[in-house]
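Asks: Give me the fold of what follows.
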Amino acid sequence: MTPEQITDPVAYHGEGPCWHPSWGGLRWVDMLAGDLLTLNGDGDVDRLHVGKIAAFVRPRSRGGYVVGLENTIALASSPFGDPVAEPAFWDDSNLRFNEGGCDPWGNLYCGSMAYDRTEGAGQLFRVSPSGEKTVVLPHVSTSNGIAFSPDGSLAYYNDTKLRQTDVFDVIDKRLINRRPFASSDGASNDGLTVDSEGNIWVAMNRHGKVRLYSPDAEILTEIQLPVQLVTACTLGGPDMRTLFITTSRENLEDPEPEAGAVFAVEVDVPGMPVAEYGG
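Replies: Numbering: from 1, shown residues only. Alright, predicted model coming up:
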């Protein structure tokens, strides 16, 4: 499987791709620019500035979207409207949000990290549809991808500093029994997504590839990209069989022409509709 470059290198630090029909297909973030990026029908990319940081974006079940900002989330009531920020989660200027995702019951999980990369300075939060905030993991270094198995019984999560993907059991809609799922072989595990058969796609940052694991952690395939900073992936398209992959050129010493572009490749097993935030 050879990925196709489908955008120009429009992002400095592209992250968090998400496919949803309400905004016409693919949306992702240029995280450190604070922008939401949307791929429109003619192939151009629309850009909406939302703040200093745009950490992640997910659709809301009532319409619109939720976006992660530097130290809070913001809610928009329509797919292309401006988001309104909620009160700050913290007042530490060394912290920012980094990634997020939703569970099958409408809860939003969003994780933070330190600007200076202090280990364990971040947290993983769960935000309920009513807006109640709970700290799920109190000591996180670089909170990254989170996604759930098709039946909702497992959750996969990356704290990139650990260079592995972890898995939780999900009991009564809560994450318990965290344990290692798969090693990264030295890569920096970044964003991830789960397909409709429960296989897990993981972006292997700094190693320039995405890797597909079975639910038993067997490596099923790898897709190599022409850039080293591969940040995240998601499944979408009309049949949910297109794997979209975001990339970055953050702090690259040797510029790569394609870094910051989005790539796409057709895969055999379709994805699932993205879980929406219930708030």
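
Asks: give the contact list for Val127.
Replies: Shown in contact with Val127 (C-beta atoms under 8 Å, 6 or more residues apart in numbering): Ile73, Asn107, Leu108, Tyr109, Cys110, Lys133, Thr134, Tyr277, Gly279. Every residue, glycine included, has its C-beta placed from N, CA and C.

Asks: Show me what counts as buried in stretch 132-152.
Replies: For stretch 132-152, the neighbour count (16 or more other C-beta atoms under 10 Å) marks Val136, Leu137, Val140, Ser141, Thr142, Ser143, Asn144, Gly145, Ile146, Ala147, Phe148, Ser149 as buried.

Asks: Who are the contact partners of the nearest residue to the fourth one once chain neighbours are set aside?
Replies: This means Ser141. Excluding its sequence neighbours, the residue lying closest to Ser141 (C-beta to C-beta, 6 or more residues apart in numbering) is Lys161, at 3.5 Å. Counting by C-beta under 8 Å, 6+ apart, Lys161 touches Glu119, Ser141, Thr142.

Asks: re earlier: just checking, which of the contacts of Val127 belong to strands?
Replies: Ile73, Leu108, Tyr109, Cys110, Lys133, Thr134 (DSSP state E).

Asks: want to throw the contacts of Lys161 into TSV with distance to Cys233 and pLDDT?
Replies: Shown next, in TSV, are the contacts of Lys161 (distance: C-beta to C-beta, whole Å; pLDDT from 0 to 100):
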residue	distance to Cys233	pLDDT
Glu119	26	96
Ser141	21	97
Thr142	17	96
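
Asks: Adding secondary structure and distance to Glu266 as columns, could you present the residues you listed in TSV?
Replies: Output for the contacts of Lys161, formatted as TSV (DSSP: H, G, I helix; E, B strand; the rest coil; distance: C-beta to C-beta, whole Å):
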residue	secondary structure	distance to Glu266
Glu119	coil	39
Ser141	coil	34
Thr142	strand	30
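
Asks: and which of these is nearest Leu26?
Replies: Closest approach to Leu26 among the contacts of Lys161 (C-beta to C-beta): Thr142, at 24.2 Å.

Asks: now the stretch 1-150 of the chain, which segments are flagged as low pLDDT?
Replies: Across the stretch 1-150 of the chain, nothing is flagged by pLDDT under 70.

Asks: roughly how far apart are the residue nearest to Ser141 and Ser188?
Replies: 8 Å (C-beta to C-beta, to the nearest Å).

Asks: With Thr231 instead?
Replies: 10 Å.

Asks: more crowded one of those two?
Replies: Thr231 (28 against 20; other C-beta atoms under 10 Å).

Asks: Which of the helices or strands spans that one?
Replies: Thr231 belongs to strand 230-236 when assigned by DSSP states H and E.

Asks: which residues touch that strand?
Replies: Against strand 230-236 from outside (C-beta under 8 Å, 6+ apart): 13-19, 25-26, 28, 99, 145, 190-193, 195, 201-205, 207-210, 241-248, 267, 270-272, 274.

Asks: Out of these, which sit inside strands?
Replies: Checking the contacts of strand 230-236 against DSSP E, those in strands are 14-19, 25-26, 28, 99, 145, 190-193, 201-205, 209-210, 242-247.

Asks: Arg163 touches Ala182, doesn't it?
Replies: No. Using C-beta atoms under 8 Å, Arg163 is not in contact with Ala182; the gap is 10.5 Å.

Asks: more crowded one of these two?
Replies: Ala182 (20 against 16).

Asks: Not counting residues beside it along the chain, what's closest to the more buried one?
Replies: Ala217 is the one closest to Ala182 (C-beta to C-beta, 6+ apart), at 4.5 Å.

Asks: what's the distance between that neighbour and Val202?
Replies: 11 Å.

Asks: One more: Arg117?
Replies: For Arg117 relative to Val202 (C-beta to C-beta), the value is 21 Å.

Asks: More neighbours: these two, which one.
Replies: Of the pair Arg117 and Val202, Val202 is the one with more neighbours under other C-beta under 10 Å, namely 30 against 12.
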